[in-house]
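Student: The following block contains a protein sequence and its predicted model.
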Amino acid sequence: MTTVDAMLVGAILAWVPSLIVFLYIVRDLRSMPSEDLD
């Protein structure tokens, strides 16, 4: 594994959880007005 590969893997591992949380929050905010579906 080269240094560039290690940097890419580290960046992906660092960003993926943040993106998942961000998408979850955005989806939750968009679905709030129709909370009667629950």
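Tutor: Done, it's in. Numbering: from 1, shown residues only.

Student: So, low pLDDT: which residues of this structure?
Tutor: For the chain, applying pLDDT under 70 flags the ranges 33-38.

Student: what do you get if the cut-off is 90, keeping everything else the same?
Tutor: Across the chain, the ranges flagged by pLDDT under 90 are 1, 28-38.

Student: Just the helices from it, written as ranges.
Tutor: 3-31 (DSSP state H).

Student: residues touching T2, list them.
Tutor: Contacts for T2 (CB atoms under 8 Å, 6 or more residues apart in numbering) come out as none. Just so you know, the C-beta spots here come from the backbone N, C-alpha and C atoms, and that holds for glycine as well.

Student: So what does it have for phi and psi?
Tutor: Torsion angles at T2 (phi, psi; degrees, to the nearest 10) stand at phi -80, psi 170.

Student: Just give me the neighbour total for T3.
Tutor: Neighbours of T3 under the rule other CB atoms under 10 Å: 7.
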